[in-house]
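Q: generate coordinates for the sequence data below:
(one chain, ligands or ions: 1)
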Amino acid sequence: MSQDPLVIFTPSGKRGRFPVGTPVLTAARQLGVDLDSVCGGRGICSKCQVAPSYGDFAKHGVTVQHDALSDWNAVEERYDQKRGLKEGRRLGCQATIQGDVVIDVPPESQVHRQVVRKAASTRPIVMDPATRLYFVEVQEPDMHEPTGDLERLKRALKAQWDIPSLSTDFSTLTQLQSILRKGGWKITVALHKANNSSDHRLVAAWPGLHEGGIFGLAIDLGSTTIAAHLCDLVTGEVRASSGIMNPQIRFGEDLMSRVSYAMMNPGGAAEMTAAVRDALNTLASEIAAEAGIDPSLILEAVFVCNPVMHHLLLGIDPVELGQAPFALATSDAVDLAAPELGLSAIAPAARVHILPCIAGHVGADAAAVALAEETDTSDDLVLIVDVGTNAELLLGDKTRVLACSSPTGPAFEGAQISAGQRAAPGAIERVEIDPATKEPRFKVIGCDLWSDDPGFAEASAATGVTGICGSGIIEAVAEMRMAGLLDPSGLIGSPAQTGTPRCMPEGRTHAYLIHDATAEGGPRIAVTQGDIRAIQLAKSALYAGARLLMDEMGVETVDRVVLAGAFGAHISTKHAMVLGMIPDVALDKVTGAGNAAGHGARIALCNAAKRAEIQDTVRRITKVETAIEPRFQEHFVAANAIPHATDPFPHLAAAVPLPDVSFNTGGGGEDTGRRRRRRA
Ligand code: FES
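A: Residues are numbered from 1 along each chain as shown. Here you go, the predicted model:
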């Protein structure tokens, strides 16, 4: 008795025998091969494209003849003429199996395709979206069978797509009858499947086959900025990325001042909620316009944010987050409809998912970082630092993950710095100081040349030199320490002590002059003693948070450090280490992860299973509360020195010799500061 033909799918390697005449799509479904279909095999969506291979396949033990699949049929011919099929491609729902065959499923035909990585540091995303499209043929109404259109749609979805239950949103229901009739009872529906449930929710419908795509927003709602990616929910492709300032800044720069605003002003929380929701609508409209898509095709939004932003977005008064024991209204992920958040710029039935918070001080943004960085599967002990107005820290490996947040304040973002500004064209972002001449050179955002390169003045004329941003101030302070202009306690030396007139007296202290354009009516950019103090406070808070996690873990060192956040992507690891922002490790063990929170939001948007995974991971993360931990203060004080008063920094010492200077004269004499031997 001859056997049924053998069908082998690549790249999955799944194989099975099927009777002659079985459609390729049917064989794929039975084997669990990831082959897409929106039209359910009607030959109109072209999502099921496959590429058969012919010849000898010793590896698979088969020889594929040229008649292994049925002949090109009329449906394929029509599609090819209308839209064009790539050479060698067949429609999986039309081609049937006639003999042994090897069939490749190209990436664009896979539902669970892997999104191409832009940078080596970003983790790949496997598509498994919560919202998907289904083409369905609904039975026409009949005088003898008085059922509603929705009920017949439900029946069709059950019969054609095996969808057991359907709930619907009122706004979609109001459109349904006209869409069904316009489509001649053939429509495409977008269904959102809730986590851990077989229930599907009808979130949009279109007459006929909808080919305009569906989209989602991954939003990192920070205290200072709101950043969003607009993603294609089928391909995972980022169609546009955009950001705006969080308008809540006018109620307070940092989180605690916003909580106090809510406490002190009746209706203050509601005002802040309205402000951020307004901004989100503006951002959604702008990003859709930038991508050239209709905002009503945005059917999902995923948010990551810190607990205060989380509460204010949801319209919950954050007052409890301002006082011990810092209880969250809910730490679980939240799923709701866009109108419940006042998101009117996207589809009215769009669904919103907010990632879970880890604790009252450690938010969904840290959860997103944990998701993006997969801390809980790491073999080595990794410290992840997400620096923003509040630093969020995660320390862990596959055995245990700890988390805390630390009140660094906005100094690392250029705020509270005398010449500080946000990272924008014209801001000094890189600084180098010659250790011999003590002369600085710098680079500004928007110009590729260093300030001492020929042509810098012309090249930077458009932006000017306007101030210094977070990465610039960190480099400036670290370079000052490396050049012997700043002692370990954080004192700037006098001209006599340092040998440079750039260390100018300023009141009872000194300031190091980087750029002076006052003669041309421009700014004077100097690092003042006050700036150094602001950076010391911020970096001490950051380091103390890391130390607290290390105490809890019972370790003195970590294996590697990941700097997350937009800021992490821009700061130089060497300079961060010189400042003692992070514990000592080999410099090549410090990496930047870009916007890990934003990337985590994108993962959760594109992959519904990951939402359940992060909820699980978050439950297993141990929270360490910095605000009530007495050792935090101890660590904070010790971390004030640059790089540190007591903790050794052997890797740093080996890589960067720091001059052992002291400018504390005890009485303010200018030239009594002493130089000591250089530490090797
Ligand atoms: Fe839609 Fe084949 S499944 S064209």
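
Q: list the contacts of the residue nearest to the spatial centre of the chain.
A: In the chain, the residue lying closest to the centroid (Cα atoms, centre = their mean) is residue 598, at 1.4 Å. By Cβ atoms under 8 Å, 6 or more residues apart in numbering, residue 598 lies in contact with 218, 220, 227, 229, 304, 368. Just so you know, the C-beta spots here come from the backbone N, C-alpha and C atoms, and that holds for glycine as well.

Q: host element of the spatially closest residue to the second one that is not a sequence neighbour?
A: Translated: residue 220. Spatial nearest neighbour of residue 220, chain neighbours left out: residue 598 (4.2 Å); criterion: Cβ to Cβ, 6 or more residues apart in numbering. Using DSSP states H and E, residue 598 maps to helix 596-606.

Q: who in this protein is up against the ligand?
A: 25, 37, 39, 41-48, 91-93 (Cβ under 6 Å from any ligand atom).

Q: list the contacts for residue 443?
A: By Cβ under 8 Å, 6+ apart, the neighbours of residue 443 are 428, 429, 430, 449, 450, 451.

Q: how far away is it from residue 468?
A: Using Cβ to Cβ, to the nearest Å, residue 443 is found at 11 Å from residue 468.

Q: just among the contacts of residue 598, which is most surrounded?
A: residue 304 (35 neighbours; other Cβ atoms under 10 Å).

Q: state the next helix or strand along the chain beyond the host helix or strand of residue 152.
A: Element membership for residue 152 (DSSP H and E) is helix 149-161. Tracing the chain past helix 149-161, the next element assigned as helix or strand by DSSP H and E is strand 165-168.

Q: for the ligand, what's its nearest residue on the stretch 401-550 of the chain.
A: residue 401 (42.6 Å; Cβ to the nearest ligand atom).

Q: residue 622 is in contact with that residue, correct?
A: Yes: Residue 401 lies in contact with residue 622 (Cβ atoms under 8 Å); the separation is 7.1 Å.

Q: the two: who's more crowded?
A: Between residue 401 and residue 622, counted using other Cβ under 10 Å, the more crowded position is residue 401 (24 against 16).

Q: tell me the contacts of the more buried one?
A: 370, 375, 376, 394, 395, 617, 620, 621, 622.

Q: redo these as CSV? Include secondary structure and pLDDT.
A: Converted to CSV, these look like this (DSSP: H, G, I helix; E, B strand; the rest coil; pLDDT from 0 to 100):
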residue, secondary structure, pLDDT
370, helix, 83
375, helix, 83
376, helix, 83
394, strand, 92
395, strand, 95
617, helix, 86
620, helix, 87
621, coil, 89
622, strand, 89
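
Q: show me which of the residues you listed is closest to residue 335.
A: residue 617 (17.7 Å; Cβ to Cβ).

Q: I'd say the closest one and residue 373 touch.
A: No: here residue 617 does not reach residue 373: they are 10.9 Å apart, not a contact under Cβ under 8 Å.

Q: per-residue pLDDT, whichever residue of the stretch 451-600 of the chain sits closest to the ligand?
A: In the stretch 451-600 of the chain, the residue that lies nearest the ligand is residue 599 (32.0 Å; Cβ to the nearest ligand atom). You'll see residue 599 listed with a pLDDT of 85.

Q: can you tell me how far it is from residue 359?
A: 22 Å.

Q: likewise for residue 598?
A: 21 Å.

Q: check residue 407 too.
A: Applying Cβ to Cβ to residue 407 and residue 359 gives a distance of 14 Å.

Q: so for these two, which sits in the more crowded spot?
A: Higher neighbour count among residue 407 and residue 359: residue 359, with 22 against 19, using other Cβ under 10 Å.

Q: mind listing what the more buried one touches?
A: Residue 359 neighbours (Cβ under 8 Å, 6+ apart): 307, 326, 328, 331, 403, 623, 625.

Q: just the buried members of those residues?
A: 307, 326, 328, 331, 403, 623, 625 (16 or more other Cβ atoms under 10 Å).

Q: can you pull the pLDDT of the second one?
A: Just to be clear, that refers to residue 326. You'll see residue 326 listed with a pLDDT of 83.

Q: re the thing from before, now do the helix holding residue 152: distance to the chain's middle.
A: In terms of Cα atoms, centre = their mean, to the nearest Å, the centre of helix 149-161 is found 38 Å from the chain centre.

Q: ok, now stretch 181-192?
A: With Cα atoms, centre = their mean, you get 34 Å for stretch 181-192.

Q: sorry, back to before: more crowded one of residue 617 and residue 373?
A: More crowded of residue 617 and residue 373, by other Cβ under 10 Å: residue 373, with 23 against 20.

Q: so that one touches residue 594, yeah?
A: No: if you go by Cβ under 8 Å, residue 373 and residue 594 don't touch, sitting 10.8 Å apart.

Q: what residues are shared contacts of the two?
A: Shared contacts of residue 373 and residue 594, defined by Cβ under 8 Å, 6+ apart, comprise residue 564.

Q: buried set for stretch 264-282?
A: For stretch 264-282, by 16+ other Cβ under 10 Å, it's 268, 269, 271, 272, 273, 275, 276, 277, 279, 280, 281.

Q: show residues contacting that stretch.
A: Here stretch 264-282 has contacts from 219, 221, 226, 244-248, 250-251, 258, 261-262, 309, 311-319, 341-345, using Cβ under 8 Å, 6+ apart.

Q: which among those residues end up buried?
A: Going by neighbour count (16+ other Cβ under 10 Å), these have 219, 221, 226, 246-248, 251, 258, 261-262, 309, 311-318, 341-343, 345 buried.
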